[in-house]
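*Asks:* please work out how this folds:
(chains A and B)
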Number of protein chains: 2
Amino acid sequence: MPELRKDPVVGRWVIISTERGKRPSDWAFEARSRKGGFCPFCPGNEDKTPPEILVVRDGASQADASDWQVRVVPNKFPALQIEGELNRRGEGLYDLMNGIGAHEVIIETPDHEKELADLDVLHIESILRAFRDRMVDLRNDLRFQYILVFKNHGGTAGASLEHSHSQLIATPILPKRVAEELEGANKHYQLKERCIYCDIIHQEMDSKKRIILETDKYLAIAPFASRFPYETWILPKEHASHYERMEDAHYNRFAEVLKDVLQRIQRTLDAPPYNFIIHSSPIQRSDVPEYHWHMEIIPKLSRIAGFEWGSGFYINPVPPEDAAAHLAHG
Amino acid sequence: MPELRKDPVVGRWVIISTERGKRPSDWAFEARSRKGGFCPFCPGNEDKTPPEILVVRDGASQADASDWQVRVVPNKFPALQIEGELNRRGEGLYDLMNGIGAHEVIIETPDHEKELADLDVLHIESILRAFRDRMVDLRNDLRFQYILVFKNHGGTAGASLEHSHSQLIATPILPKRVAEELEGANKHYQLKERCIYCDIIHQEMDSKKRIILETDKYLAIAPFASRFPYETWILPKEHASHYERMEDAHYNRFAEVLKDVLQRIQRTLDAPPYNFIIHSSPIQRSDVPEYHWHMEIIPKLSRIAGFEWGSGFYINPVPPEDAAAHLAHG
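*Replies:* Below is the predicted model:
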């Protein structure tokens, strides 16, 4: 059983694998599929993953049949375990609990050669709805406080399989970064009675200096204090606290802007590896006037060196104003 | 002039280069010296770096002569600029200031082929004293709140030159990670009137589960909530808030334990790239009963994937108890 352990100084929870007895040479825990090698995510290999949780397909068919468009399965090597009690406990100074959670894989397309940005808008929409549907289902499990949806595209961004997929992790705790954003947003709300992300959107639309793309419903910007070159945020223009609680029509509009932004990143930066993460409100709260869901996209262009690790202090060699201009025209 | 920009939600300061007009293809800002290529850090090439700030050599000699053992020079491509006013200002919601600071390089040895762990203890001691001397000098500049000393060893850890060196950055702000540690330590002190790191040291010495190495003055442990496989902290056993305010004899004892730990990491993990960072108290405060300086060493074994970036939430596949046992016997 994995453990969730809390750093006693800064309060950060960490997932610690407790599988014992590995030798140092065995620490590399990710198997990498080679080009042309066997792919468990390809159609016909449905029996090589755990049984499907959710599937998008035309018409009716048997579970785990091969005629799917989008397929959600439990991660075969989950970081957290779905069954069990949290069993929160202390060990002297330290706090820990069992590593309970859900860890799922969203296989985005049956086509091994296609990337997310290559799929058509309706197909991307069905992936974005699959995220939503899994979040809505998992929030019924009251052990979970938060659901993170993220994607690692390309080897240096951490993807262990090249077949296009994203992932979802439901956790019994609030991840530190999210807790910090909620706390910062809450301070602003106490002071101003406004959502800070709504304020950011208004200022960016006024100044126009860091806009990558604007549609009727969405805004893509290079944030003012970007940590990474070409860091990109996509935000709904109107206040919306939870990704999974949006009006139905919004997922299509989000698919449109996401495809456009990913294609701009592909073209402008020579198809780099990237990560994206959806930042949304805690799933058990229904109304959060101070927090605004958004997606953060981080192209993996620079190595993160010691200074950044040690300090939480980033050096970004590309001004976000330039990044926005290059992507806007890219 | 670089800028320091503050994230309006979480309060993180970021260094933003404002050098304009770079094309996306130019963003790669680090030149890499090849094996056998020209090295500006080798003896004889002193005129290829800015003039020396501090030097360790046997006997007297001219400035920038070639008979040095340890040499400190300004970084030729500094992230922050030493001259100017901070000029703190706002831009609507956003806060920023000029990117004022010091960025120096500590060239650890004249021998291009040697790594820090290969040097003898007295040589390492003179490097550790050079860190101290630069911190003591730079704290006279009241614009600076904090000094970070760190090392990137090996390409994937971010080193841009292979000749063994470490770096120092003095900043007018408290880096976020440090501010969080100070805040957490302060909360504990308010509650317990004890330093939390002293409490950690006592508990680790009692339990013995995560000790890598213990000497009369220092303790090396795999921390309870390690973010990374084989993450290692070295702490002075007796309370000491500031690295640069230690008794003179301590630098030798620290050199001894640092060499031993780095050699264990080399042997056990097949000489991986690594980063180290000294976490110390803010330089302008003289007495900090709640904070305890320490060094964090992070071997670069696993790629950090999207989940970690987005959440500040880490998945560590190696239990620290195992890491400590392997390094203790390594």
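*Asks:* ok, A:Ile211 - contacts?
*Replies:* A:Glu204, A:Met205, A:Leu219, A:Ala220, A:Ile221, A:Ala324, A:Ala328 (C-beta atoms under 8 Å, 6 or more residues apart in numbering or on different chains). In this view, the C-beta of every residue, glycine as well, is placed from N, C-alpha and C.
*Asks:* in TSV, list those residues along with neighbour count and distance to A:Gly84.
*Replies:* What follows is the contacts of A:Ile211, written out as TSV (neighbours: other C-beta atoms under 10 Å in any protein chain shown; distance: C-beta to C-beta, whole Å):
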residue	neighbour count	distance to A:Gly84
A:Glu204	24	45
A:Met205	13	47
A:Leu219	20	42
A:Ala220	26	40
A:Ile221	26	42
A:Ala324	24	46
A:Ala328	17	49
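*Asks:* biggest separation within those residues, which pair?
*Replies:* Greatest spacing in the contacts of A:Ile211, by C-beta to C-beta: A:Met205 and A:Ala328 (13.7 Å).
*Asks:* hang on, the earlier thing: which ones among the contacts of A:Ile211 map onto strands?
*Replies:* A:Leu219, A:Ala220, A:Ile221 (DSSP state E).
*Asks:* the last one is in contact with A:Ser207, isn't it?
*Replies:* Spelled out, that is A:Ile221. No - counting by C-beta atoms under 8 Å, A:Ser207 is not a contact partner of A:Ile221; they are 10.1 Å apart.
*Asks:* just to revisit the earlier point, nearest to chain B among the contacts of A:Ile211?
*Replies:* Set against chain B, the nearest of the contacts of A:Ile211 by C-beta to the nearest C-beta is A:Glu204 (9.5 Å).
*Asks:* measure the closest one to A:Pro320 for me?
*Replies:* Computed with C-beta to C-beta, to the nearest Å, the distance linking A:Glu204 and A:Pro320 is 10 Å.
*Asks:* which neighbours do the two share?
*Replies:* Once C-beta under 8 Å, 6+ apart is applied, the residues that A:Glu204 and A:Pro320 both contact turn out to be A:Arg210.
*Asks:* quick check: residues of the stretch 101-250 of chain A near chain B?
*Replies:* When proximity is defined as C-beta under 8 Å from any C-beta of the partner chain, the stretch 101-250 of chain A approaches chain B at A:148, A:150-152, A:155-159, A:167, A:169, A:171, A:175-178, A:180-181, A:184-185, A:188, A:196-197, A:199-200, A:203, A:206-207, A:223-227, A:229-230.
*Asks:* kindly give a single PyMOL line that selects the buried subset of these.
*Replies:* The PyMOL selection below is limited to those of those classed as buried (16 or more other C-beta atoms under 10 Å in any protein chain shown):
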select buried, chain A and resi 148+150+151+152+156+157+158+159+167+169+171+175+176+177+178+180+181+184+185+188+196+197+199+200+203+223+224+225+226+227+229+230
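*Asks:* restricted to helices, list the residues of the stretch 101-250 of chain A next to chain B.
*Replies:* In helices, defined here by DSSP state H, the members of these are A:176-178, A:180-181, A:184-185, A:188, A:196-197, A:199-200, A:203, A:206-207.
*Asks:* need the strands for the stretch 101-250 of chain A, in chain order.
*Replies:* Secondary structure of the stretch 101-250 of chain A (DSSP state E, counting those that start in this stretch): strands located at A:102-107, A:146-153, A:165-171, A:211-214, A:218-221, A:232-236.
*Asks:* let's have these in JSON lines, adding mean pLDDT.
*Replies:* Rendered in JSON lines, the data for the strands of the stretch 101-250 of chain A read as follows (pLDDT from 0 to 100):
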{"stretch": "strand A:102-107", "mean pLDDT": "96"}
{"stretch": "strand A:146-153", "mean pLDDT": "92"}
{"stretch": "strand A:165-171", "mean pLDDT": "94"}
{"stretch": "strand A:211-214", "mean pLDDT": "98"}
{"stretch": "strand A:218-221", "mean pLDDT": "98"}
{"stretch": "strand A:232-236", "mean pLDDT": "98"}
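*Asks:* can you put those in a markdown table and add distance to B:Asp64?
*Replies:* Listed next are the strands of the stretch 101-250 of chain A as a markdown table, based on distance: least, C-beta to C-beta, whole Å:
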| stretch | distance to B:Asp64 |
| --- | --- |
| strand A:102-107 | 57 |
| strand A:146-153 | 47 |
| strand A:165-171 | 54 |
| strand A:211-214 | 47 |
| strand A:218-221 | 47 |
| strand A:232-236 | 45 |
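*Asks:* output the below-cut-off pLDDT ranges for the stretch 151-300 of chain A.
*Replies:* Low-confidence segments of the stretch 151-300 of chain A, defined by pLDDT under 70: A:156-158.
*Asks:* hmm, try it at 90
*Replies:* For the stretch 151-300 of chain A, residues meeting the criterion pLDDT under 90 lie at A:152, A:154-162, A:175-178, A:228, A:270, A:273, A:286-287, A:299-300.
*Asks:* domain map for chain A?
*Replies:* According to automatic domain parsing, chain A comprises the domains A:3-21+A:33-174, A:177-328.
*Asks:* since that was my last question, I'll sign off now.
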